[in-house]
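Q: Task: produce atomic coordinates for the following.
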Amino acid sequence: MTMNSWIVVAVSLFFSALCSGLEIAFNSINRLQLEVELTKNSFSAKLISLFFKNQSRFITSLLLGNNIALIIYGMSMSQLLDAPVNHWLQYIAFDNDFMVLLVKTILTTLLVLLVGEFLPKMLFRINPNAILSFFAFPTFVCYCLFYPLTLLYTGISEFVIRYVLRMKVDSQEYKFSTVDLNDYIAEYADQEEADEDMQQEIQLFQNVMEFRSVKLRECMGPRNEIESVKLTDSLETVKARFEETKHSKLIVIGESIDDIVGYVHLNDVVRAIAGHKEVTLSDLVRRIDFFPETYTADRLLKHFIQKRQGVAAVVDEFGGTAGIVTMEDVVEEIFGEIDDEYDVEEEKEEVIDDNTFVFSARLEIDYLNDTYKLDLPVSDDYETLAGMILHYCESIPEQDQVLEIGQYRIKILKASNMKLDEVELKVVSK
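A: Numbering: from 1, shown residues only. This is a model prediction of the structure:
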């Protein structure tokens, strides 16, 4: 009798753990990966897809199975513990019905919480797709066995919600989210090293997924690199400025860079000069819209498309000009670097020895840390090497000046009174 009771306890506890684990696996499954398996005509994927088409009934069947298993487990465990608990309580002189019930309840609950809840939910969450696929057929069998009871309980609950509580019953659709897509891409990115084309496709998908969170301050051309002309300049002066910068658009300002009036296109200037028209620069200025640094790139892209514009000004929290962002800058956040008129010359990266490097000050801190295995300090206040130096110095250092930032000695190789261009970085200690 004791052996049979232990078998019943073990089987019921296993079934309870299985139902709990399958429930968490069902809620954690990557649905995009499931869709991929469906295209391969996977039998288990078809069964799981059936569960998703009837989500409320499937979850109800798991809960029914779990509760039935727990009832059987509780009854059997009570019988098994009755004699040893009574004997132990008699030994310590606490032999009464309440203490017997209390001890049996505590021991039974602790065991089911550990084996029937905590462990299966932790283990089944590790790889929910594989686990749910493995148990798909036996789960389907149990689903069919409990189906009549499931229909009864779901029918009662829907009746109460709809007619007693007067609430709408939401229809649960089978769909996957951007989180599923992101997880699926991350899983493939972490697998064995793929060929170059595959890596590019993975990077493209990741850029698309992260695009909604990109702020303008991350993709704009900074204030000190804005090529501009004054509103009072003559058309000949503006044309000469176009020839000097090799750009097709220039920002038009008033008294200072914080007073942006708009922008002018090279074609408009050339046509005005060639036609000997009596026009000034103010007649050719095109409108430019202003956006805060925290504005997202995806919203700006929609604005560019709707308004048929390609240039916008970015302002900081004080209303001053922070930079200029173009259509190309925004698109590059998805497709990577695009060689165009607004790109500066190739950023310098030179390795002198294991501890000494020469870098363009425009290079991003995250890129340098990942590429050269450095440990440069990271902060939300800056993104580039120049930004880090300005953050710690609080002013633009002079050329040939040497700075100490943490374990790094930085020498300014090229600089002007407006910006940093090139630095030598030396690791003095690791």
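Q: Can you show me the helices along the stretch 301-430 of the chain?
A: 327-335, 365-372, 385-393 (DSSP state H, counting those that start in this stretch).
Q: mind checking which of those is nearest Phe26?
A: helix 327-335 (33.7 Å; CB to CB). For glycine as for every other residue, the C-beta is placed from the backbone atoms N, C-alpha and C.
Q: distance between that closest one and the chain's centre?
A: 18 Å (CA atoms, centre = their mean, to the nearest Å).
Q: Show me what it is packed against.
A: helix 196-210, helix 216-219, helix 297-307 (3 or more CB pairs under 8 Å, 6 or more residues apart in numbering; DSSP states H and E).
Q: got a list of contacts for the helix or strand encompassing Leu102?
A: According to DSSP states H and E, Leu102 maps onto helix 97-111. For helix 97-111, contacts defined as CB atoms under 8 Å, 6 or more residues apart in numbering pick out Leu13, Tyr73, Gly74, Met77, Ser78, Leu81, Asp82, Val85, Asn86, Trp88, Leu89.
Q: just checking, next helix/strand downstream of it?
A: Following helix 97-111 toward the C-terminus (DSSP H and E): helix 119-124.
Q: What is that following helix packed up against?
A: helix 2-28.
Q: mind redoing it with 10 Å?
A: Applying 3 or more CB pairs under 10 Å, 6 or more residues apart in numbering; DSSP states H and E, we find helix 119-124 packed against helix 2-28, helix 128-134.
Q: now, of the helices and strands packed on helix 327-335, which is deepest in the fold?
A: Of all those, helix 216-219 carries the top mean neighbour count, a mean of 19, counting by mean count of other CB atoms under 10 Å.
Q: per-residue confidence at Asn96?
A: Looking at Asn96, its pLDDT reads 68.
Q: Give me the nearest residue to Lys239, chain neighbours excluded.
A: Val269 (5.5 Å; CB to CB, 6 or more residues apart in numbering).
Q: Please tell me how far that neighbour sits from Glu404.
A: Val269 is 49 Å from Glu404, where distance means CB to CB, to the nearest Å.
Q: out of these two, which sits in the busier spot?
A: Neighbours were counted for Val269 and for Glu404 using other CB atoms under 10 Å; Val269 has more, 21 against 10.
Q: pLDDT of the helix or strand the more buried one falls within, averaged?
A: Using DSSP H and E, Val269 maps to helix 266-274. Throughout helix 266-274, pLDDT has a mean value of 86.
Q: for whichever helix or strand comes after that helix, packing partners?
A: Next helix or strand after helix 266-274 toward the C-terminus (DSSP H and E): helix 281-284. Applying 3+ CB pairs under 10 Å, 6+ apart, we find helix 281-284 packed against helix 235-245, strand 249-253, strand 260-265, helix 266-274.
Q: Can you tell me which of these is nearest to Leu216?
A: Nearest to Leu216, of those and by CB to CB, is strand 260-265 at 14.8 Å.
Q: For the closest one, list the C-alpha coordinates in PDB.
A: Extracted as PDB, the C-alpha positions of strand 260-265 are listed here (Å, rounded to 0.1, in the frame of the first residue of the first chain):
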ATOM      1  CA  ILE A 260      18.900  79.400 -38.400                       C
ATOM      2  CA  VAL A 261      16.600  80.900 -41.000                       C
ATOM      3  CA  GLY A 262      16.400  78.000 -43.400                       C
ATOM      4  CA  TYR A 263      18.600  76.400 -46.100                       C
ATOM      5  CA  VAL A 264      19.500  77.100 -49.700                       C
ATOM      6  CA  HIS A 265      20.000  74.700 -52.600                       C
END
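Q: which residues sit against it?
A: Residues from elsewhere that reach strand 260-265, judged by CB atoms under 10 Å, 6 or more residues apart in numbering: 226, 228-231, 233, 235, 238, 241-242, 247-254, 271-272, 281-290, 309-313, 315, 321, 324.
Q: The same query, at a cut-off of 8 Å, please.
A: 229, 231, 238, 248-254, 281-282, 284-288, 290, 311, 313, 321.
Q: now the angle from it to helix 266-274?
A: With axes from the mean of the first three to the mean of the last three CA atoms, to 10 degrees defining the directions, strand 260-265 sits at 70 degrees from helix 266-274.
Q: Strand 260-265 vs helix 235-245, what angle?
A: Using the same axes, to 10 degrees: strand 260-265 against helix 235-245 is 80 degrees.
Q: Any buried residues in strand 260-265, and which?
A: Ile260, Val261, Gly262, Tyr263, Val264, His265 (16 or more other CB atoms under 10 Å).
Q: Mind checking which of the contacts of strand 260-265 are buried?
A: 229, 231, 238, 249-253, 281, 284-285, 288, 311, 313, 321.
Q: burial count for Cys19?
A: Neighbour tally, Cys19, other CB under 10 Å: 23.
Q: hmm, back to that, columns distance to Glu117 and mean neighbour count on top of the helices of the stretch 301-430 of the chain, output as CSV?
A: Converted to CSV, these look like this (distance: least, CB to CB, whole Å; neighbours: other CB atoms under 10 Å):
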stretch, distance to Glu117, mean neighbour count
helix 327-335, 44, 18
helix 365-372, 40, 14
helix 385-393, 48, 19
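Q: So Ala415 sits against Ser395, correct?
A: No - here Ala415 does not reach Ser395: they are 11.4 Å apart, not a contact under CB atoms under 8 Å.
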